[in-house]
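Visitor: Got a predicted structure here, sequence first:
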Amino acid sequence: QVVVKQGLDLVLAGCGRRWDLRPLGAICRELLDNGLKGPSEGQSIEDLLIRVVEPFVMGAQVTQVPRVVEPSVSSLHNLVRLGVLKGETGPGAVEQSPVAKVVMAVVRCGESTDESVQLVVIEALTCFISSPTFLLHGECLLRAFRIMFNLSIGSSSERVARAAGDALKVCLGKILGKAAADHHAAKAREPCTPEAAAGAAGNG
């Protein structure tokens, strides 16, 4: 709750008096005033979480206003890092699941030219890809890798390019390690045929 409140405060402050950001500011204000006290009658924890995540996804889409984008992406990152926001994307094309919406909102922020935004995007995507409870597959995973690769070779900031390159190495290591572990687990679940048992005995 502290992470959410801090994030909402920063997004609300970033909205300022901009007319086009009034709807986002109103959602933040309403959540700060009434929405962080737990689920209302008839509302599930999942429904409340989706409602809390909504302003951060909206804020991440305001790519022309870094002071709104940066706290929005950081808040999504923290919700995943703390294990509050969980789930996984589908194996194919991008779908409309809450997890996919979060991932794609952050990926699009990687197109920003603002250095601070690029850095929080790299940190968030590294967390998403590495998380054991927030699982990326298919197109979402591909786009997350693609935006980090683009930043590693195309950012005008040496700091960003270096951070993106380091993050790619970490994420590739995580993905390859998970693939190897899944392969070994699948092999271990395979039924032991007489031929395999004879082969194992012969090798022994």
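Guide: Perfect, thanks for sending it.
Visitor: Now tell me which helix or strand of the protein has the poorest mean pLDDT.
Guide: Ranked by mean pLDDT, DSSP states H and E, the weakest helix or strand in the chain is helix 194-203, scoring a mean of 54.
Visitor: Would you mind listing the buried residues in the longest helix seen in the chain?
Guide: Counting residues, the longest helix found in the chain (DSSP state H) is helix 158-189. By 16 or more other CB atoms under 10 Å, the buried positions in helix 158-189 come out as 160, 161, 163, 164, 167, 168, 171. In short, each C-beta sits where N, CA and C put it, glycine included.
Visitor: which ones are touching the last one?
Guide: In other words, residue 171. With contacts defined as CB atoms under 8 Å, 6 or more residues apart in numbering, residue 171 is in contact with 125, 126, 129, 130, 145, 148.
Visitor: shaky segments in this protein?
Guide: Along the chain, segments meeting pLDDT under 70 span 35-45, 48, 92-95, 179, 181-187, 190-204.
Visitor: list the helices and strands the host helix or strand of residue 119 packs on?
Guide: Using DSSP states H and E, residue 119 maps to helix 115-130. The helices and strands touching helix 115-130, judged by 3 or more CB pairs under 8 Å, 6 or more residues apart in numbering; DSSP states H and E, are helix 66-81, helix 98-109, helix 138-154, helix 158-189.
Visitor: quick one, it and helix 66-81 angle?
Guide: Between the axis of helix 115-130 and that of helix 66-81 there is an angle of 20 degrees, by axes from the mean of the first three to the mean of the last three CA atoms, to 10 degrees.
Visitor: Direction included, what does the following helix or strand past helix 115-130 pair up with?
Guide: As assigned by DSSP H and E, the chain's next helix or strand after helix 115-130 is strand 134-135. When pairing is defined by DSSP bridges, strand 134-135 lines up against strand 87-88 (parallel).
Visitor: can you give me how far the strand it pairs with is from the chain middle?
Guide: Its chain's C-alpha centre lies 10 Å from the corresponding centre of strand 87-88 when counted by CA atoms, centre = their mean, to the nearest Å.
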